[in-house]
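Asks: this one's structure only:
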């Protein structure tokens, strides 16, 4: 008897698919410890190899030699096929039960460990990641500029409790000293000045603190410095300080504890049972930044939820940051305040002496001379017309001026200052100088683009950043941007929304009706216990990697799904047809349940936005470049404008849109 090459190809493909599936399954921890795994995989491999061959011989009426071999045993052969198929399904069901049992046992063991304060490895990994983020953000905030020692004063009427006497400093101040007249010894006298950490630890504050200040006054920098000190102390304590962006709560309307658990789950895949136990034990120390960035319609509720969270457990430590004007608006509008907190500090504006001292430390005599012109640059030392403090009394604008100052440009307003900063950062001359300066200092810098000529020009960069700032503000998204979280609603034209809908609908239609039970269980077993988002597009890339894995695992199911209905209806199937269709079914499993659908939808959205002229071809590379130019900051896999003030300024900029052919 001769056997066709198609039959050989089918048998080899089925056997290879079974071996690959067995290899992947064997990588799962519960399967590795299963004593009957080798006989099970052997039976499944033999079945996946023999069933396609038998079915091909039985359904191929043109193969006379095959009929001769089968002879009168055709019915017996069909019974054999059915029996082997049932055996495969039984083995698969046993394997699924094994995985499910192991999963339940793992959850039970985790719960028992958590009950006695376990999960030290997860805690250490979270602390390590928190330290990395804080160091990265502080290094970026200070750069090579002089340190501004921020001053804070108590504003106890904003919360509750007793007044804190004296000034509070970001970094320690030298203690006052008095020389004795009798024996010449120098005695150190205690004073009322303390650091932000000392205020946090004050017995009347007890770790429940509100930090207020004007935009750019240094609230987040203060929070980062406090977090750094707390993280150092966490090496010898049980507390877990971590910064959370309150703006991500804005549309959830959920309690703070549930929101914190969801954030830790999303950011690091920490089991909610673990983070819940941390909170019950008083270990998690949330540092909540950006109350003013919560949607205005939900701010009152957010304040109430924070109060309930703090008072829900005696002694719960919590720090909240908010712009002072927005906080006052919340209290006037709703009558609520963060009265569960014990202390409140307001960052003080810089005085003229501090401004001069800063530029003296920077060696910027050119700026000091220019500030003497009351009609020119000196205008930024005067209170603004809207009643706000002088522009240079805000540390953010002080730092920006040190970079943006140009004697040939008139800077008397905030808008003019930010425009000068953007122009300086993106100018071709400055980009060349930065590369030359690094080369002279022999500093190894891995530039995003190989040369200045390859970098986006100032018009394109400004246009892309204006679009991003507009989308973040219009969609109430915080100043933390993940590329993979772009939404179809960001498409502008009706035509492009229709194109996106048609493409997405087609892909969804291809995956409707497929079975996901076993595959979902297998993919669930491949998840990692702790993750960090340290690269752009990380979620999309991870989803793309799942597609071939799920497709390979589901290939045998694709053969069964295609053969069985045709056998029951008496239809004939060719080898080439069965091979092609089974692969197509497996790919649909991969696309639908391995994350491929999300990948294709994301790529479609990116392509439409690129064609529309709103984003560059390589978005991650472009955003890394804007971080290089110090317009944005990359924190792990996410990006943020260096300050909300700059984000708002980009949105208001008058930029000519790129013309697109329709």
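Replies: Now that the structure is in, tell me what you want to look at. Being a predicted model, the structure only gives us computed values, none of them experimental. Residues are numbered from 1 along each chain as shown.
Asks: wasn't residue 357 part of a strand?
Replies: No. Assignment of residue 357 by DSSP: H, G, I helix; E, B strand; the rest coil gives helix, placing it outside any strand.
Asks: so what pLDDT did residue 104 get?
Replies: We have a pLDDT of 72 for residue 104.
Asks: so it is in which element?
Replies: Using DSSP states H and E, the element containing residue 104 is helix 74-115.
Asks: backbone dihedrals for residue 441, please?
Replies: phi -80, psi 0 (degrees, to the nearest 10).
Asks: distance of it relative to residue 630?
Replies: 18 Å (Cβ to Cβ, to the nearest Å). In short, each C-beta sits where N, CA and C put it, glycine included.
Asks: quick one, which of these two is more surrounded?
Replies: residue 630 (15 against 8; other Cβ atoms under 10 Å).
Asks: and the more buried one, what does it touch?
Replies: Residues near residue 630 by Cβ atoms under 8 Å, 6 or more residues apart in numbering: 140, 143, 403, 425, 642.
Asks: buried by neighbour count, from those: which ones?
Replies: 425, 642 (16 or more other Cβ atoms under 10 Å).
Asks: pipe the contacts of residue 630 into TSV and attach secondary structure, distance to residue 388 and pLDDT per row.
Replies: Below are these laid out as TSV (DSSP: H, G, I helix; E, B strand; the rest coil; distance: Cβ to Cβ, whole Å; pLDDT from 0 to 100):
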residue	secondary structure	distance to residue 388	pLDDT
140	helix	26	81
143	coil	26	67
403	helix	22	92
425	helix	25	95
642	coil	20	91
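Asks: closest to residue 279 out of the contacts of residue 630?
Replies: residue 140 (30.2 Å; Cβ to Cβ).
Asks: I'd guessed the closest one sits against residue 632; true?
Replies: No. Here residue 140 lies out of contact with residue 632, judged by Cβ atoms under 8 Å, at a distance of 10.0 Å.
Asks: quick check: neighbours shared by the two?
Replies: Here residue 140 and residue 632 have residue 642 as joint contacts, going by Cβ under 8 Å, 6+ apart.
Asks: tell me what the helix or strand that contains residue 274 is packed against?
Replies: Secondary-structure assignment from DSSP H and E places residue 274 in helix 272-280. Packed against helix 272-280 by the contact rule (3 or more Cβ pairs under 8 Å, 6 or more residues apart in numbering; DSSP states H and E) you find helix 74-115, helix 256-268.
Asks: count the neighbours of the nearest residue to residue 279 once chain neighbours are set aside for me.
Replies: Distances taken as Cβ to Cβ, 6 or more residues apart in numbering place residue 257 nearest to residue 279, at 5.8 Å, with adjacent residues excluded. As a burial measure, residue 257 scores 21 neighbours (other Cβ under 10 Å).
Asks: what about residue 408, how many neighbours?
Replies: 4.
Asks: what sits against residue 247?
Replies: With Cβ under 8 Å, 6+ apart, residue 247 has these contacts: 290, 293, 294, 476, 477, 478, 479, 480.
Asks: circling back to that earlier point, mean pLDDT lowest for which of the helices and strands packed on helix 272-280?
Replies: helix 74-115 (a mean of 64).
Asks: surely residue 424 meets residue 404?
Replies: Yes. Contact status for residue 424 versus residue 404: in contact at 5.1 Å, counting by Cβ under 8 Å.
Asks: in terms of neighbours, single out the busier of those two.
Replies: Taking other Cβ under 10 Å, residue 424 and residue 404 do not tie; residue 404 has more neighbours (20 against 17).
Asks: next, residue 415: secondary structure please.
Replies: Residue 415 - assigned by three-state DSSP - is helix.
Asks: that one contacts residue 649, doesn't it?
Replies: Yes. Between residue 415 and residue 649 there is a contact under Cβ under 8 Å: 6.9 Å.
Asks: out of those two, which sits in the busier spot?
Replies: residue 649 (21 against 12).
Asks: who's in contact with that one?
Replies: With contacts defined as Cβ under 8 Å, 6+ apart, the neighbours of residue 649 are 415, 418, 419.
Asks: sorry, back to before: quick one: the residue nearest to residue 279 and residue 276, what's the gap?
Replies: 7 Å.
Asks: likewise residue 617?
Replies: Counting by Cβ to Cβ, the gap from residue 617 to residue 276 is 43 Å.
Asks: ok, those two, which is more surrounded?
Replies: Comparing residue 617 with residue 276 by other Cβ under 10 Å, the one with more neighbours is residue 276, at 17 against 9.
Asks: grab the nearest non-local neighbour of that one.
Replies: residue 261 (6.1 Å).
Asks: how near is the one you found to residue 334?
Replies: Per Cβ to Cβ, residue 261 is found 27 Å from residue 334.
Asks: quick check: residue 220 is in a strand.
Replies: No. Residue 220: not assigned to a strand; according to three-state DSSP it is helix.
Asks: surely it and residue 287 touch.
Replies: No. With contact defined as Cβ under 8 Å, residue 220 does not count as touching residue 287 (10.1 Å).
Asks: who touches both of the two?
Replies: With Cβ under 8 Å, 6+ apart, residue 220 and residue 287 have common neighbours residue 321.
Asks: a markdown table for the contacts of residue 649, including pLDDT and distance to residue 362?
Replies: Output for the contacts of residue 649, formatted as a markdown table (pLDDT from 0 to 100; distance: Cβ to Cβ, whole Å):
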| residue | pLDDT | distance to residue 362 |
| --- | --- | --- |
| 415 | 94 | 24 |
| 418 | 96 | 20 |
| 419 | 95 | 22 |
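Asks: from these, which is closest to residue 638?
Replies: Using Cβ to Cβ, residue 418 is the member of the contacts of residue 649 that sits closest to residue 638, with 22.7 Å.
Asks: how deep is the closest one tucked in, by neighbour count?
Replies: There are 22 residues near residue 418, going by other Cβ under 10 Å.
Asks: contact partners for it?
Replies: Listed by Cβ under 8 Å, 6+ apart, the contact partners of residue 418 are 400, 645, 646, 649.
Asks: equivalent analysis for residue 249, please.
Replies: Contacts of residue 249 by Cβ under 8 Å, 6+ apart are 256, 259, 294, 298, 302.
Asks: swap the cut-off to 10 Å and go again
Replies: By Cβ atoms under 10 Å, 6 or more residues apart in numbering, the contact set of residue 249 is 255-256, 259-260, 262-263, 288, 290-291, 293-295, 298, 301-302, 305-306, 478.
Asks: ChimeraX command for the buried members of the residues you listed?
Replies: Only the buried entries of the contacts of residue 249 go into this ChimeraX selection, using 16+ other Cβ under 10 Å:
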select :256,259,260,262,263,288,290,291,293,294,298,301,302,305,306,478
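Asks: follow-up on the earlier one: how many neighbours does the residue nearest to residue 276 have?
Replies: Under the neighbour criterion other Cβ under 10 Å, residue 261 is assigned a count of 22.
Asks: got it, and the one 5 residues further on?
Replies: Other residues within reach of residue 266 by the criterion other Cβ under 10 Å amount to 13.
Asks: what about the helices in the stretch 251-400 of the chain?
Replies: Secondary structure of the stretch 251-400 of the chain by DSSP state H, counting those that start in this stretch: the helices cover 256-268, 272-280, 299-311, 324-334, 352-362, 365-370, 395-404.
Asks: quick one, which of those is packed in tightest?
Replies: The highest mean neighbour count among the helices of the stretch 251-400 of the chain, using mean count of other Cβ atoms under 10 Å, belongs to helix 395-404: a mean of 21.
Asks: what's the farthest-apart pair in the contacts of residue 247?
Replies: Across these (Cβ to Cβ), the longest gap, 13.7 Å, separates 294 and 480.
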